[in-house]
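Chemist: structure, please.
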Amino acid sequence: MSTNFCATSTEQPGLKTLFTKLSPQHAALLLLAASFALSHRNCLTDMHVSVANARQFSDATRSGSKGDRSALGGTLCCVVDQEETAQEVDNELPLEDGSLLIPVQSWPQRPGPRFAKISVHFPNGACANVNEHTGIMLTLHNWGGEDCAGTADPKVLADQLNVVAVCVNYLQSGKTDSIDSSEPYDCGYLQALDALRALAYVRTGLRQRSVRYDDGRIFCTGGSGGGNVTLMARKFAPRTFACVIDICGMKKLSDDIAFDLPGGSDLNARWSRDPKNINYLSPDDQSIRFVGNPEHLARMKSLSASGKIIIVHGRDDTTCPFADAEELVTNLQAANLDVEARFIGQADLDGKVFTGSGHALGNRTEIVLQVAGKYLKQNGAHPLRRNGLSDFDLRDEIIYPTQNGRFVISYAAEYPVARFIPKNSEPQNQ
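Modeler: Residues are numbered from 1 along each chain as shown. Coordinates of the predicted model:
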């Protein structure tokens, strides 16, 4: 992570260079210390740093070592405890379009505190334009991308759909961590939890500002890897979204993609079949990442899963194989879930919205508006909104059984925390 530290009367010599040399975890902690010590609203040019209160995000703030926090605080000539900072810094959304850091669930590959950058876009650029009809929409970047790349333009979504549009730098955003790294690509597990944490943050932030909005109008979209995260977010929060739009995303972590098998997709998620390898992919980890898992879809149906699922996929897509999209749609239909398929062939190309029947498809902003505008616009032909309580409000657990145990996504804290519980074992955070 690289962040520009603005020139102020309190700027420390060499601090900007220090930011670029720290690990992402330590850089994030230093940013948090800076935000408290130097009046965080005025000292960062590229990023508005805010931290959720300790009650809402306690699991993330309690995991850092005291030594690390003290060392970073000393750099700024003050010692700032991260948990104390979380309690004292206001958890407020910016008043205008902006970016900020939120704590998210830790990653076993790199234990310790972890933070995600989110970008918030209001209708016409200002929180003052949010009204009782305004919804919230996640728009999620592609595998290898970051911020709002490879997905629908958040500014267009905010203005045309009357939503607060949110982009998320979920786990392994950017080329270095997602493509060049030796660590296995997450393929939607913690990435979806990051996106849902961002959604929780925005919901809470609006309420803390006493801003009226329409919580029934919660949507999500994403392209390629972002489509995968969209589908996984819907799996982990099956009673939250009124509509999700997957644009050419991965539908599962197949053997082909997980182990870089010859032929098939050109994607390589860098997992291993060797149980002794640190990148080992267990049957349970692979199962939870199968969006179309029939047993899991039945669980979702039993929970009265709400909302429409729109699958947009190219018939000639070999990166995220078209056969996987057909399988998912078939399984969703068998589970009696509300799914709408838009499979794009050569005859569907118009040179403007859809320019290819392979992986890229075309203009992903216009694709969302064309295939789902009638559902997403408050005055559309068939506007959609959720009528019941969301998973965040129900505050219970979503349970998905697997071969050797079960995954539990708990909303007890009003945001999701996932863990795997092996058979005949006590639960373990994962």
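Chemist: next one, pLDDT for E84 please.
Modeler: According to the predicted model, the pLDDT of E84 comes to 32.
Chemist: same check on L30?
Modeler: According to the per-residue confidence, L30 scores 47 in pLDDT.
Chemist: kindly report the same for V408.
Modeler: Among the per-residue scores, V408 shows a pLDDT of 98.
Chemist: any idea which helix or strand carries it?
Modeler: strand 405-410 (DSSP states H and E).
Chemist: could the C-alpha coordinates of that strand be exported in CSV?
Modeler: What follows is the C-alpha trace of strand 405-410 in CSV, where atoms were taken according to Å, rounded to 0.1, in the frame of the first residue of the first chain:
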residue,chain,number,x,y,z
GLY,A,405,-17.3,-29.9,9.4
ARG,A,406,-19.2,-26.7,8.8
PHE,A,407,-18.6,-23.0,8.0
VAL,A,408,-20.4,-20.6,10.2
ILE,A,409,-20.9,-16.9,9.3
SER,A,410,-22.1,-15.1,12.4
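Chemist: tell me the buried residues in it?
Modeler: Within strand 405-410, the residues that qualify as buried by neighbour count (16 or more other C-beta atoms under 10 Å) are G405, R406, F407, V408, I409, S410. For every residue, glycine as well, the C-beta is placed using N, CA and C.
Chemist: wait, the first one touches I288, no?
Modeler: No: G405 sits out of contact with I288 when judged by C-beta atoms under 8 Å, with a separation of 10.4 Å.
Chemist: show me where the stretch 51-200 of the chain has strands.
Modeler: When secondary structure is read from DSSP state E, counting those that start in this stretch, the stretch 51-200 of the chain shows strands at 98-104, 114-121, 135-140, 163-168.
Chemist: of those, which is nearest F392?
Modeler: Using C-beta to C-beta as the criterion, the shortest distance between F392 and those is 11.3 Å, found for strand 135-140.
Chemist: what lines up beside the closest one in the sheet?
Modeler: strand 163-168 (parallel), strand 218-223 (parallel) (DSSP bridges).
Chemist: what angle do the lengthiest helix in the chain and strand 135-140 make?
Modeler: In the chain, ranked by residue count with DSSP state H as the criterion, the top helix is helix 189-208. Compare the direction of helix 189-208 with that of strand 135-140 by axes from the mean of the first three to the mean of the last three C-alpha atoms, to 10 degrees and you get 150 degrees.
Chemist: ok so, going back, tell me which helix or strand comes right after the strand holding V408.
Modeler: Immediately after strand 405-410, counting by DSSP H and E, sits strand 417-422.
Chemist: mind listing what's buried along that following strand?
Modeler: V417, A418, R419, F420, I421.
Chemist: closest one to Y375 out of those residues, please.
Modeler: Within the buried residues of strand 417-422, distances to Y375 taken as C-beta to C-beta reach their minimum at A418, with 28.5 Å.
Chemist: any idea what the closest residue to the closest one other than its chain neighbours is bridged to?
Modeler: Closest residue to A418 in three dimensions, ignoring its sequence neighbours and counting by C-beta to C-beta, 6 or more residues apart in numbering: I409, at 4.9 Å. Beta-bridge partners for I409, by DSSP bridges, are I398, A418.
Chemist: in contact with E397, which residues are there?
Modeler: Shown in contact with E397 (C-beta atoms under 8 Å, 6 or more residues apart in numbering): V408, I409, S410, Y411, A412.
Chemist: how about D348, nearest residue that isn't a chain neighbour?
Modeler: F354 (5.5 Å).
Chemist: so for that neighbour, what pLDDT did the model give?
Modeler: For F354, the model assigns a pLDDT of 98.
Chemist: burial measure for it, as a count.
Modeler: 23 (other C-beta atoms under 10 Å).
Chemist: my read: it touches L361, true?
Modeler: Yes: at 6.1 Å, F354 counts as touching L361 under the criterion of C-beta under 8 Å.
Chemist: what touches both of those two?
Modeler: Contact with both F354 and L361 is made by residues I344, I367, according to C-beta under 8 Å, 6+ apart.
Chemist: K155 and F219, how far apart?
Modeler: Distance of K155 to F219, given as C-beta to C-beta, to the nearest Å: 16 Å.
Chemist: compare the two (neighbour count), which wins?
Modeler: F219 (28 against 17).
Chemist: and the residue nearest to A418, what is it in contact with?
Modeler: With the criterion set at C-beta under 8 Å, 6+ apart, I409 makes contact with L193, F236, A237, E397, I398, I399, Y400, P416, V417, A418.
Chemist: what element comes up after the helix or strand that contains V229 heading to the C-terminus?
Modeler: Taking DSSP H and E as the criterion, V229 maps to helix 225-236. Moving toward the C-terminus from helix 225-236, the next helix or strand (DSSP H and E) is strand 243-247.
Chemist: list the contacts of the very next helix or strand once past that next one.
Modeler: Per DSSP H and E, the first helix or strand lying C-terminal to strand 243-247 is helix 255-259. With C-beta under 8 Å, 6+ apart as the test, helix 255-259 has contacts from 187, 250, 261, 263-265, 267-269, 271-273, 281, 286, 321.
Chemist: let me have the strands paired with strand 135-140 in TSV, extended by mean pLDDT.
Modeler: TSV is the format used below for the strands paired with strand 135-140 (pLDDT from 0 to 100):
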stretch	mean pLDDT
strand 163-168	98
strand 218-223	98
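Chemist: using JSON lines, lay out the ones you listed together with distance to E183.
Modeler: Conversion of the strands paired with strand 135-140 to JSON lines gives the following (distance: least, C-beta to C-beta, whole Å):
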{"stretch": "strand 163-168", "distance to E183": "19"}
{"stretch": "strand 218-223", "distance to E183": "21"}
